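>>> Structure for this input, please:
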Amino acid sequence: MKVSKAQVQANRAHIVETAATLFRERGYDGVSVADLMNAAGFTHGGFYKHFTSKAALMTEAAACGIAQMEARTSQAERSALVCQYLSREHRDSPGDGCVMAALSADAGRQPDEVKQVFADGIERQLAAVAEVDGPEARARRIDAMAQLVGAVMLSRACPDDSALADEILQACCAAALSRLAPT
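Numbering: from 1, shown residues only. The predicted model follows:
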């Protein structure tokens with residue numbers, strides 16, 4: 001039975017969304033093409049009908065994850081966003097969380113196409129905050145973004161029941177909130 005172009009596009013989008021979640025959960029090297037297609041409900045053989053390579057999918061999945069992150073954060077109040085971002089809930093749910101915190105270290109070892117998607121996402125985040133802070137505060141925005149992402153990465157590197165994991169999130173949350181407070 002022939003599949004319509006619309007269904008092919010929907011299937012591809014489903015594969016990309018599934019990959020975006022699985023890559024955040026397991027990292028790029030922790031997900032095989034067979035695992036991914038099985039999770040998406042398709043056969044392994046169908047992968048190359050949609051993508052030229054796993055790297056091509058990684059690029060699209062990174063863009064999808066960044067778009068999901070941007071959609072969730074675009075209207076959020078900044079202090080509430082900081083508290084949610086630096087929460088144990090976010091730390092323990094990488095598949096649903098920030099692609100930057102989940103995959104930045106992996107992205108650094110990937111082809112330039114993947115790295116460019118991350119760079120473009122970082123630039124968009126910096127530009128979005130610039131509308132609030134003004135263009136002169138770019139270095140502060142980079143510092144704040146690095147602290148937030150780094151805090152989640154460090155916390156995730158600790159054992160799940162570690163007091164240090166929570167301490168990292170709490171200390172960085174307090175520091176980030178103090179920077180948001182009017183002086």
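>>> rest of the way, CA atoms for contacts and neighbours
Fine.
>>> all helices of the chain, in order?
Under the criterion DSSP state H, helices of the chain are mapped to 5-26, 33-40, 47-50, 54-73, 78-85, 88-91, 99-107, 112-133, 138-157, 163-180.
>>> Tell me the buried residues in the second one?
By that I understand helix 33-40. Val33, Asp35, Leu36, Met37, Ala40 (16 or more other C-alpha atoms under 10 Å).
>>> would a markdown table of the helices of the chain with mean pLDDT be doable?
Listed next are the helices of the chain as a markdown table, based on pLDDT from 0 to 100:
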| stretch | mean pLDDT |
| --- | --- |
| helix 5-26 | 95 |
| helix 33-40 | 96 |
| helix 47-50 | 92 |
| helix 54-73 | 93 |
| helix 78-85 | 92 |
| helix 88-91 | 96 |
| helix 99-107 | 95 |
| helix 112-133 | 87 |
| helix 138-157 | 93 |
| helix 163-180 | 94 |
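>>> Excluding covalently adjacent residues, which one is nearest to Ala20?
Ala61 (4.6 Å; C-alpha to C-alpha, 6 or more residues apart in numbering).
>>> I'd guessed Val99 sits against Arg24; true?
Yes. Counting by C-alpha atoms under 8 Å, Val99 does reach Arg24; the two are 6.2 Å apart.
>>> Which member of the buried residues of helix 33-40 is positioned nearest Ala151?
Within the buried residues of helix 33-40, proximity to Ala151 (C-alpha to C-alpha) peaks at Leu36, which comes in at 28.5 Å.
>>> Show the contacting residues for the closest one.
Ile15, Thr18, Ala19, Leu22 (C-alpha atoms under 8 Å, 6 or more residues apart in numbering).
>>> burial measure for Pro159, as a count.
10 (other C-alpha atoms under 10 Å).
>>> who touches it in this structure?
Contacts of Pro159 by C-alpha under 8 Å, 6+ apart are Ala165.
>>> before we move on, what about Glu70?
Contacts of Glu70 by C-alpha under 8 Å, 6+ apart are Gln125.
>>> what separates it from Gln84, distance-wise?
Per C-alpha to C-alpha, to the nearest Å, Glu70 is found 14 Å from Gln84.
>>> Cys158 now?
For Cys158 relative to Gln84 (C-alpha to C-alpha), the value is 19 Å.
>>> tell me the two of the buried residues of helix 33-40 that are most distant?
Val33 and Ala40 (10.5 Å).
>>> Return every residue with contacts to both of those two.
Counting by C-alpha under 8 Å, 6+ apart, nothing touches both Val33 and Ala40.
>>> burial measure for the closest residue to Lys115 other than its chain neighbours, as a count.
Distances taken as C-alpha to C-alpha, 6+ apart place Ala107 nearest to Lys115, at 5.8 Å, with adjacent residues excluded. Residues within reach of Ala107, counting by other C-alpha under 10 Å, total 22.
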